[in-house]
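S.K.: Coordinates for the following, if possible.
(one chain, ligands or ions: 1)
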Amino acid sequence: MDEAIFFGRLRKQYDQNLPFVAYRKPGERTIQSFLQKEDTFFTSEDLSETGFVFAPFDTRKKAVLIPEEASEKLIFEQQGDFEIPEKEKRSERLNPSEADKEKHISLVKKGLLELNSGNLQKVVLSRKEKVELEQPEPFELFKELLNSYSTAFVYLWYHPETGLWLGATPETLLKVEGRNFKTMALAGTQKFQGTMEVEWGEKEKQEQQYVTDSIVEDLKKLGVSSSALKSSEVYTARAGNLLHLRTDISGRLAAGENLSEIIKALHPTPAVCGLQKEKAQNFILSEENYDREFYTGFLGELNLQNSTSRSVNKRNVENLAYRTVKKKTALFVNLRCMKLRENAAYLYVGGGITKDSDPEAEWEETVNKSQTMKKVLF
Ligand SMILES: C=C(O[C@@H]1C=C(C(=O)O)C=C[C@H]1O)C(=O)O
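M.R.: The predicted structure is shown next:
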């Protein structure tokens with residue numbers, strides 16, 4: 001499909017206030033899109049549905065769904081970089097306000113009190129930053145994210161019930177193909193300064209180790225056999241202007257284990273919530289003082305048929321059997337994201353706090369993270 005036709009269809013969908021999502025998976029050049037035919041508000045009951053899911057951070061709230069059967073699917077193969085019209089440079093808007101800074105630092109200090117009293121091991125604290133913009137152009141911003149972040153999961157989501165969201169996330173929550181699954185522990189942050197050969201502090205190493213240990217433990221509790229569970233060495237991974245520590249974790253689901261159970265065990269991971277999970281979640285919900293909505297929730301393809309088809313020479317019966325077995329799910333944590341309004345973008349950023357955190361450094365980390373979105377806004 002031609003670029004003008006593809007984006008023209010998305011624009012028309014948006015102009016008609018109909019739900020849609022367009023996305024490109026890490027390292028791929030294929031941009032896929034689901035255009036829902038009507039504006040019905042579908043939610044997922046137990047993640048057994050087929051389509052694209054958009055789930056909030058708060059696990060008590062329902063995940064929004066664009067069902068495959070209620071939508072048209074479009075695919076566009078990206079050739080080179082998209083052409084982006086020149087923007088007026090407005091560097092002064094890059095800076096957050098002093099009030100934002102004070103608020104975040106006081107939140108981190110509150111978190112530190114809790115951590116030092118031994119009630120929590122880690123808590124991820126975040127904030128929402130308003131950036132005023134004159135009539136932001138969602139499709140241009142999406143193209144810029146696509147140009148800038150080839151290794152991220154880049155998306156543009158719209159639903160009249162949720163508003164318009166965009167992001168470029170480096171974090172996979174869960175990939176499942178057949179019974180094989182993959183996830184990752186991503187935490188610890190420093191600025192990328194031209195080299196991947198960097199030293200990591202104890203605080204970062206520890207907060208990332210917490211995430212790995214907790215994911216592995218939760219998967220074992222769920223019944224995933226230890227012999228099938230594999231963890232990579234921890235390594236440095238780049239996400240735009242940032243570096244993180246990452247461990248890849250993979251395994252095999254036992255027969256009968258379903259997606260809903262494994263997601264319940266994983267989401268929210270200590271990479272975006274904390275430890276102990278429930279206590280950290282309660283602290284976040286009561287102290288952050290704003291609604292994260294879909295930030296640090298998850299999103300992605302749910303139970304799609306595997307597109308790898310077998311040789312046409314195979315008998316039909318076999319093809320059918322194969323197709324019903326292999327389903328593919330690819331879910332990502334909704335980070336480095338923003339919600340777009342008519343005259344503003346709301347950026348969502350946070351970071352993991354442990355007892356060794358320095359509030360000023362934690363503030364700087366959120367400022368650095370916000371650059372992922374600001375790079376395309378200005
Ligand atoms: C919470 C965010 O990122 C998460 C927190 C990180 C950290 O604390 O170092 C690193 C990567 C993510 O798991 C965010 O980007 O807003």
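S.K.: Now do the same for whatever residue of the stretch 1-150 of the chain ends up closest to the ligand: its pLDDT.
M.R.: Relative to the ligand, the nearest point of the stretch 1-150 of the chain is V124 (5.3 Å; C-beta to the nearest ligand atom). To be clear about C-beta, it is placed using only N, CA and C from the backbone, and glycine gets the same treatment. Note on V124: pLDDT of 98.
S.K.: any idea which element it lies in?
M.R.: strand 122-132 (DSSP states H and E).
S.K.: What residues sit buried inside that strand?
M.R.: 122-129, 131 (16 or more other C-beta atoms under 10 Å).
S.K.: May I have the strands that pair with it, each with its orientation?
M.R.: strand 274-275 (antiparallel), strand 344-353 (antiparallel) (DSSP bridges).
S.K.: Dump those to a markdown table, plus mean neighbour count and mean pLDDT.
M.R.: Formatted as a markdown table, the strands paired with strand 122-132 follow (neighbours: other C-beta atoms under 10 Å; pLDDT from 0 to 100):
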| stretch | mean neighbour count | mean pLDDT |
| --- | --- | --- |
| strand 274-275 | 26 | 97 |
| strand 344-353 | 24 | 97 |
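S.K.: among these, which is nearest the ligand?
M.R.: Judging these by C-beta to the nearest ligand atom, what sits closest to the ligand is strand 344-353, at 3.3 Å.
S.K.: Would you agree S33 falls within a strand?
M.R.: Yes: residue state for S33 (DSSP: H, G, I helix; E, B strand; the rest coil) corresponds to a strand.
S.K.: So what's the residue count around it?
M.R.: Close neighbours of S33, defined as other C-beta atoms under 10 Å, add up to 24.
S.K.: likewise K326?
M.R.: Neighbours around K326, by other C-beta under 10 Å: 14.
S.K.: That one contacts R179, correct?
M.R.: No: using C-beta atoms under 8 Å, K326 is not in contact with R179, being 9.8 Å away.
S.K.: doesn't L331 make contact with L174?
M.R.: Yes: with contact defined as C-beta under 8 Å, L174 reaches L331; the gap is 4.9 Å.
S.K.: show me where the protein has helices.
M.R.: 3-15, 98-116, 138-148, 202-222, 259-266, 277-287, 316-325, 359-377 (DSSP state H).
S.K.: any chance of these in JSON lines, with distance to the ligand and mean neighbour count too?
M.R.: Output for the helices of the chain, formatted as JSON lines (distance: least, C-beta to the nearest ligand atom, whole Å; neighbours: other C-beta atoms under 10 Å):
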{"stretch": "helix 3-15", "distance to the ligand": "26", "mean neighbour count": "15"}
{"stretch": "helix 98-116", "distance to the ligand": "12", "mean neighbour count": "16"}
{"stretch": "helix 138-148", "distance to the ligand": "15", "mean neighbour count": "20"}
{"stretch": "helix 202-222", "distance to the ligand": "6", "mean neighbour count": "18"}
{"stretch": "helix 259-266", "distance to the ligand": "13", "mean neighbour count": "18"}
{"stretch": "helix 277-287", "distance to the ligand": "11", "mean neighbour count": "16"}
{"stretch": "helix 316-325", "distance to the ligand": "33", "mean neighbour count": "11"}
{"stretch": "helix 359-377", "distance to the ligand": "5", "mean neighbour count": "20"}
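S.K.: quick one on the thing from earlier: and the strand holding V124 with helix 98-116, angle?
M.R.: 170 degrees (axes from the mean of the first three to the mean of the last three C-alpha atoms, to 10 degrees).
S.K.: now strand 122-132: how far from the chain's centre is it?
M.R.: 15 Å (C-alpha atoms, centre = their mean, to the nearest Å).
S.K.: same question, stretch 115-134
M.R.: With C-alpha atoms, centre = their mean, you get 17 Å for stretch 115-134.
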